[in-house]
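>>> My questions are about this predicted structure, shown below with the sequence.
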Amino acid sequence: LTKLRASMFDIDDFRAGRMPLVYVQLVQIMVDSLVMIAPFALYPELGTLSIPLVGLITFFFRGLLTISKSFLDPFGVEGYGEQNIRVDVLVSELNFGAAKRWIQSGGRLRRYITKP
């Protein structure tokens, strides 16, 4: 019973636990420097093809930056509304997938057992 109570009180600690702000700032600096240097690094090798590639690189790394910012407040405790983790949706999707897998494996087991 005491272990159950201890785990129950740990839930709020995990919910309040956040990614350090330094991580988000480091990712911001790395993304900005990569996006600024990429055109100069790619042009000597690829020529004019580097123009659309820089746009693609920018699109990809800006997405990474948004994801790193969502790690700062993953459950939306402090109001960062973008990219929050919806635990209820994750649990329902997991339960739906698990039920489907159990049904499929039961059918396979039945075919295996009834096989002559």
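In hand now; what should we look at?

>>> didn't L65 look like it was pressed against V31?
Yes. Between L65 and V31 there is a contact under Cβ atoms under 8 Å: 4.8 Å. C-betas here are computed from N, CA, C, even on glycine.

>>> Could you check which of those two has the larger neighbour count?
Per other Cβ atoms under 10 Å, whichever of L65 and V31 has more neighbours is V31, with 20 against 17.

>>> residues contacting that one?
By Cβ atoms under 8 Å, 6 or more residues apart in numbering, V31 lies in contact with F61, R62, L64, L65.

>>> now the last one, what's its secondary structure?
Just to be clear, that refers to L65. helix (DSSP: H, G, I helix; E, B strand; the rest coil).

>>> Quick check, pLDDT for it.
Note on L65: pLDDT of 79.

>>> who touches it in this structure?
V27, Q28, V31.

>>> quick one: which of the residues you listed is nearest G106?
V27 (45.1 Å; Cβ to Cβ).

>>> from what I can see that closest one touches L72, true?
No. V27 is beyond contact range of L72, at 10.2 Å (criterion: Cβ under 8 Å).

>>> now the contacts of L65 in TSV, with pLDDT, secondary structure and distance to T2?
Formatted as TSV, the contacts of L65 follow (pLDDT from 0 to 100; DSSP: H, G, I helix; E, B strand; the rest coil; distance: Cβ to Cβ, whole Å):
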residue	pLDDT	secondary structure	distance to T2
V27	80	helix	40
Q28	84	helix	44
V31	85	helix	46
